[in-house]
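In: structure of the sequence below:
(one chain, ligands or ions: 1)
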Amino acid sequence: MTWIWQQPDWPDFRYDQRALDDRELKFRLKSERLAGSFDALPMASQENATIDLMLSEAIKTSAIEGEALDRESVRSSLLSLITSDTLPINSDQKAAGAAMLLVDVRKNWQIPLAHDLLGRWQSMAVPEQRYTPILRGAYRNDLSPMQIVSGPYGHEKVHYEAPTAIQVPDEMAKFIDWYNQTSPLSGNKSITGIARAGIAHLWFEVIHPFDDGNGRVGRAIADHALSQSLGYPTSACLATAIEADKKSYYLQLEKASRGSMDVNRWLDYFADTVIKAQDIARAEVDFVLAKTRFYEAFGDQLNARQAKMVSRVFAEGRKGFEGGITTKKYEMITKCPNRTASRDLSDLVAKGIITPLAGGGRTTRYELTTFEPNGHSPEK
Ligand SMILES: Nc1ncnc2c1ncn2[C@@H]1O[C@H](COP(=O)(O)OP(=O)(O)OP(=O)(O)O)[C@@H](O)[C@H]1O
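Out: Numbers count the residues shown, from 1 in each chain. Sure, this is the predicted structure:
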């Protein structure tokens, strides 16, 4: 098997820019519209929307490799890092690390890549582990092959083998030079945003320079590159979009890392994923906008129990409350007797704050009355 880094023309990536032009333009336009919607939100909602987007990204970038993070711990770490540049006391290490990585990439989108910056990101992605000797903050130095394998012990399938640890420093120096030379901020070689981010992600994954955390750092590099191309931190939910179809991500990486220097197919997949990532961010911001409008219209008409139930429904995110709001759920959430629950719900219906769902069967189910964000029509 000849891996891509063993090709004679490595690392002269070849692709057809025209095939990406449409999506490069779409990405830029969608990003500008999204930034505009953000600016239209009140300050507190902007912060909320940013945290919601980053929360989803932190959870999903870890979920890609099956690692589950505690949602509330990540949220409190993000909030604390964004508002006071510190971590909450006794924060969960993995959650704090994931939050730190996202915040650091967002803050440092303008600075060039460097070995120590990547080392810092990797040690955020991979918290200290007592019983495994994983190198943190430095490139791997183990001389055994770095392979990506799947399957049970003794029947493993090798999907990929990266360059040896001895080659890593040179390979990384070349990669970082290219990345900084093609930066729209400081470089002298021009390349469009999606192409640069896609090649950077693939190139980094091919070198696989760290013992662990290569996927998360590689996705952070893609975010960094997209932000540099826009001239402001991207809100696109790249990890969320990748996680939604992990199989394709692994398949496309596998094809590219075994293939020639023609990376058209990889960039085609990557460009589609960036557009999806942008659409996910759009839906998330629209949700925050709807929530803001809801509270503006109804916030002062809710009693304490009703407010508790509404906030619980919004906490479910864009997908809403599975199966709608029922008297039973209301009783459970607000810990009130059945008669109070029925009275509160009737009051909410009368005020137009909740609406009965059609086809609910014997049990009446309700949903919150929310608003379409002003002036936003579905995007083409
Ligand atoms: N065939 C392949 N060729 C090159 N890179 C690959 C291939 N398959 C997967 N990868 C990359 O390797 C990453 C896994 O590497 P590693 O375990 O070091 O990263 P991680 O951050 O700990 O895990 P993950 O990001 O997947 O949660 C994947 O997330 C993906 O980015």
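In: quick one: find the helix or strand in the protein with the lowest mean pLDDT.
Out: Sorting the helices and strands of the chain by mean pLDDT, DSSP states H and E puts helix 43-63 at the bottom, at a mean of 87.
In: for the helix or strand where residue 177 lies, name the packing helices and strands.
Out: Assessed by DSSP states H and E, residue 177 sits inside helix 168-181. If you count contacts as 3 or more CB pairs under 8 Å, 6 or more residues apart in numbering; DSSP states H and E, helix 168-181 packs onto helix 115-125, helix 193-207. The way it works is simple: take the backbone N, C-alpha and C, and place the C-beta from them, glycine included.
In: avg pLDDT for the shortest one?
Out: The one in question is helix 115-125. Helix 115-125 shows a mean pLDDT of 97.
In: the helix or strand that that helix is followed by pairs with which strands, parallel or anti?
Out: Using DSSP H and E, the helix or strand that directly follows helix 115-125 along the chain is strand 147-150. Strand 147-150 pairs in its sheet with strand 157-161 (antiparallel), by DSSP bridges.
In: show me where the stretch 251-380 of the chain has helices.
Out: For the stretch 251-380 of the chain, applying DSSP state H, counting those that start in this stretch gives helices covering 264-298, 304-315, 327-334, 338-350.
In: hang on, the earlier thing: could I get the helices and strands packed on helix 168-181 as JSON lines with distance to residue 17 and mean neighbour count?
Out: As requested, the helices and strands packed on helix 168-181 are exported to JSON lines (distance: least, CB to CB, whole Å; neighbours: other CB atoms under 10 Å):
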{"stretch": "helix 115-125", "distance to residue 17": "27", "mean neighbour count": "20"}
{"stretch": "helix 193-207", "distance to residue 17": "7", "mean neighbour count": "24"}
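In: same list (the ones you listed) but as CSV, adding distance to the ligand.
Out: Written out in CSV, the entries for those read as follows (distance: least, CB to the nearest ligand atom, whole Å):
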stretch, distance to the ligand
helix 115-125, 6
helix 193-207, 4
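In: in stretch 266-285, what's buried?
Out: 266-271, 273-282, 284-285 (16 or more other CB atoms under 10 Å).
In: returning to that earlier point: just the buried residues of the helix holding residue 177, please?
Out: Within helix 168-181, the residues that count as buried by 16+ other CB under 10 Å are 168, 171, 172, 175, 176, 178, 179, 180.
In: now the spatially closest residue to the third one that is not a sequence neighbour: how far from residue 23?
Out: It stands for residue 172. Closest residue in space to residue 172, ignoring its immediate chain neighbours: residue 209 at 5.4 Å, by CB to CB, 6 or more residues apart in numbering. Separation of residue 209 from residue 23 (CB to CB, to the nearest Å): 29 Å.
In: which one of the two is surrounded by more residues?
Out: Higher neighbour count among residue 209 and residue 23: residue 209, with 28 against 22, using other CB atoms under 10 Å.
In: pretty sure the more buried one contacts residue 139?
Out: Yes: Residue 209 is within contact range of residue 139, at 4.6 Å (criterion: CB atoms under 8 Å).
In: what touches both of the two?
Out: Residues touching both residue 209 and residue 139 (CB atoms under 8 Å, 6 or more residues apart in numbering): 168, 172.
In: return the distance of residue 97 relative to the ligand.
Out: Separation of residue 97 from the ligand (CB to the nearest ligand atom, to the nearest Å): 11 Å.
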